[in-house]
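Asks: sharing a sequence plus its predicted fold:
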Amino acid sequence: MQKALLISILGVTILIPLVSARGGSLKSAVRRSFIATGVFCTLYWLGLLFVYPNLTKSQPGGTTQSTSGTSP
């Protein structure tokens, strides 16, 4: 899962400038690039807050960390 997250960041880092470069002027291309980067960062942040923790909890056979040193 961590590898997929890193690959998605790399992919978006390459794709956003490629798509934005199709603009007619430099100003519109830069504006589109900033907007796309902001949208991706927001969606990525929401995914890390809500989706990623649920994926790590639901894995079978996963180990959980205890906050206390002794068990009751």
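Replies: On my side now, so go ahead.

Asks: show me the shaky parts of the protein.
Replies: 1, 58-72 (pLDDT under 70).

Asks: go again using 80 as the cut-off
Replies: Applying pLDDT under 80 to the chain flags the ranges 1-2, 4-5, 23-24, 52-53, 55-72.

Asks: secondary structure element holding residue 40?
Replies: Using DSSP states H and E, the element containing residue 40 is helix 26-46.

Asks: how far does that helix sit from its chain's centre?
Replies: Centroid separation for helix 26-46 versus its chain: 13 Å, with CA atoms, centre = their mean, to the nearest Å.

Asks: identify the residues contacting it?
Replies: Applying CB atoms under 8 Å, 6 or more residues apart in numbering, the contact partners of helix 26-46 are 8, 9, 12, 16, 17, 19, 20, 21, 22, 23. (Glycine included, C-beta is placed from N, CA and C.)

Asks: could the residues you listed go into CSV alongside distance to residue 30 and neighbour count?
Replies: Output for those, formatted as CSV (distance: CB to CB, whole Å; neighbours: other CB atoms under 10 Å):
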residue, distance to residue 30, neighbour count
8, 23, 13
9, 21, 12
12, 17, 16
16, 11, 18
17, 10, 15
19, 13, 13
20, 7, 18
21, 10, 11
22, 13, 9
23, 8, 14
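
Asks: of the residues you listed, which belong to helices?
Replies: Judged by DSSP state H, the contacts of helix 26-46 include 8, 9, 12, 16, 17, 19, 20 as members of helices.

Asks: can you tell me the centre-most residue of this structure?
Replies: residue 44 (3.3 Å; CA atoms, centre = their mean).

Asks: stretch 14-32: how far from the chain's middle?
Replies: 21 Å.

Asks: burial count for residue 24?
Replies: Other residues lying near residue 24 total 7 when counted by other CB atoms under 10 Å.
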